[in-house]
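Undergrad: I would like to see how this sequence folds:
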Amino acid sequence: MATQTISALTSSFSSLSFSSQISRKPNRSLSFSFSKPARFPSFVVVATGASSAFADPDVDTEDLKKLVKSRLPGGFAAQTIIGTGRRKCAIARVVLQEGSGKIIINYRDAKEYLQGNPLWLQYVKTPLITLGYENSYDVFVKAHGGGLSGQAQAVSLGIARALLKISDNHRSPLKQEGLLTRDSRVVERKKPGLRKARKRPQYSKR
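TA: Residues are numbered from 1 along each chain as shown. I've put the predicted structure just below:
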């Protein structure tokens, strides 16, 4: 049995053939294949409905111009209930007419013109609210000069002065609220040698 097993192993080994030719040079040609990363889809943001959310200001201005011209024949100077207010560099000419409480400044709605600032809107409405006329008169204003804050306070003084032409009995309540006093404060002029009105350059001893 042992001789048969040895002969079987010998025959099996003889049937195997080994290749003695081994390449000594390493294969340096390595090829790497990279797949391009998938691009993200490009998104395009399109604003829709903007025209419906915000009305065209030019169209509104044209409509308000027609309204003012129809309500004020002959312009501002031809009206009877008129008042002029001033504040800093701003000047406002105000006309009052019986209506529903609209306030139009330079052919634009007061809330739009004053950028929705609650303080500036309060300046404009205070004289009418003091007398309870907030829904009794329409206000038409032509303002120029200065900024919006100065123009709002100039409109307030102009409305108060125009209300005096309706009735002289309005003087007492308006005066108690200080609405008939012209605020004379303005920016102080710059002085030579100073950076501003009173600000001096830094002192250096050496």
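
Undergrad: elements contacting the helix or strand encompassing Asp63?
TA: Assigned by DSSP states H and E, Asp63 falls within helix 57-71. Judged by 3 or more C-beta pairs under 8 Å, 6 or more residues apart in numbering; DSSP states H and E, helix 57-71 is in contact with strand 103-105, strand 108-109, strand 137-144. Quick note: C-beta positions are derived from backbone N, CA and C, even for glycine.

Undergrad: mean neighbour count, the ones you listed: which tops it?
TA: Greatest average neighbour count among those goes to strand 103-105 (a mean of 22), per mean count of other C-beta atoms under 10 Å.

Undergrad: which SS state does the residue lying closest to Asn135 once chain neighbours are set aside fall under?
TA: Closest residue to Asn135 apart from its sequence neighbours, by C-beta to C-beta, 6 or more residues apart in numbering: Gly101 at 4.3 Å. Gly101 falls in the coil class when you classify it by DSSP: H, G, I helix; E, B strand; the rest coil.

Undergrad: what sits against Gly101?
TA: Leu128, Glu134, Asn135, Ser136, Tyr137, Asp138 (C-beta atoms under 8 Å, 6 or more residues apart in numbering).

Undergrad: give me the pLDDT value at the second one.
TA: Spelled out, it's Glu134. Among the per-residue scores, Glu134 shows a pLDDT of 92.

Undergrad: tell me which helix or strand it sits in.
TA: Here Glu134 is assigned to no helix or strand, by DSSP H and E.

Undergrad: and the gap between the residue lying closest to it once chain neighbours are set aside and Gly75?
TA: Closest residue in space to Glu134, ignoring its immediate chain neighbours: Leu128 at 4.6 Å, by C-beta to C-beta, 6+ apart. Leu128 is 23 Å from Gly75, where distance means C-beta to C-beta, to the nearest Å.

Undergrad: higher neighbour count, these two?
TA: Leu128 (21 against 11; other C-beta atoms under 10 Å).

Undergrad: gap between that one and Leu179?
TA: 10 Å.

Undergrad: contacts for stretch 192-204 next, please.
TA: Contacts of stretch 192-204 (C-beta under 8 Å, 6+ apart): Val187, Glu188, Arg189, Lys190, Lys191.

Undergrad: report the angle between the biggest helix by length in the chain and strand 137-144.
TA: For the chain, the helix with the greatest residue count under DSSP state H is helix 148-166. If you take axes from the mean of the first three to the mean of the last three C-alpha atoms, to 10 degrees, helix 148-166 sits at 130 degrees to strand 137-144.

Undergrad: point to the helix or strand of the protein where mean pLDDT is at its lowest.
TA: Ranked by mean pLDDT, DSSP states H and E, the weakest helix or strand in the chain is helix 50-53, scoring a mean of 36.
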